[in-house]
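Colleague: fold the following, please.
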Amino acid sequence: MTPVVISRIVDVINSKDEAALSTMMTPALASMYTSALKQMSESGYDIKIDIKSLSNVKVGGTSIKSGQPKAFDTTVPFETRSQRFSYYGAGPHIIADQKIPLSKDMDVSSELPNFIAIYKQPIRLEFWSTAQARVAISLSQHGKVVDQDEGYMPIVVSMASPTYPQISEAPTILSDGQIMYIGSDPKIPFEWRVSDLFLNITNKEIRAIEKVRVL
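Modeller: Okay, the predicted model is just below:
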């Protein structure tokens, strides 16, 4: 799946197809790339990317985000979100819970989430994969090539599922990538969307959460 996704991303960026960006990417990532491509276009720049080859494709890791979608909406500054939500967990496995105002005689531990109730929280599944790519890039301005380069580089692509109302409604992802639902048919159709490239958004989010997480 990863080679196909990378190829499609490159095609969409080269064609500056905003509609396709919004279809294949999460809103936060689509907004970031749409804005960047618009700024380049307004300055007369055009970029062309050519993936010559892909090798050593493998899954890099997985993550689970549990809590209200607004807690993980990276279009909103983290400083704003952290005023409303408390964050728990470590690394890519994060729980967000609505903050409870503490009175003077309340123990801080009372703010910790009810871990049984977490199973009723919205949940989103993510994974990222890596590949070694030989890439040729050409940058032009007003139709004239101003820079070009070719070489090998690692590419990291992150994919996210829809947000499900609770963990019992989320699918199980099998080792071969197939999706299996336990119990009733899904109310929310499953699809992967590209949620990050090169872990730029992910790493920034993890660093911010590490500074404020409760446990």
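Colleague: partners of the longest strand along the chain in the sheet?
Modeller: The strand that spans the most residues within the chain, counting by DSSP state E, is strand 45-66. When sheet partners are counted by DSSP bridges, strand 45-66 sits next to strand 93-98 (parallel), strand 123-141 (antiparallel).
Colleague: and the helices in this protein, which stretches?
Modeller: Taking DSSP state H, the helices of the chain run over residues 2-15, 18-24, 27-42, 78-81, 200-212.
Colleague: of all those helices, which one is nearest Ser138?
Modeller: helix 2-15 (10.2 Å; CB to CB). Where you see a C-beta, it was placed from the backbone N, CA and C, and this is true even at glycine.
Colleague: picking that back up, Serialize the helices of the chain to a markdown table and add fields for mean pLDDT, mean neighbour count and distance to Pro162.
Modeller: Supplementary listing: the helices of the chain in a markdown table, determined by pLDDT from 0 to 100; neighbours: other CB atoms under 10 Å; distance: least, CB to CB, whole Å:
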| stretch | mean pLDDT | mean neighbour count | distance to Pro162 |
| --- | --- | --- | --- |
| helix 2-15 | 93 | 16 | 17 |
| helix 18-24 | 94 | 15 | 14 |
| helix 27-42 | 94 | 15 | 12 |
| helix 78-81 | 95 | 15 | 20 |
| helix 200-212 | 90 | 15 | 18 |
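Colleague: below-threshold pLDDT in the protein: ranges please.
Modeller: By pLDDT under 70, the low-scoring segments of the chain are 90-91, 101-119, 173-179, 181-186, 215.
Colleague: would you list the strands paired with strand 45-66 in a markdown table and tack on distance to Leu197 and mean neighbour count?
Modeller: A markdown table is the format used below for the strands paired with strand 45-66 (distance: least, CB to CB, whole Å; neighbours: other CB atoms under 10 Å):
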| stretch | distance to Leu197 | mean neighbour count |
| --- | --- | --- |
| strand 93-98 | 20 | 19 |
| strand 123-141 | 10 | 18 |
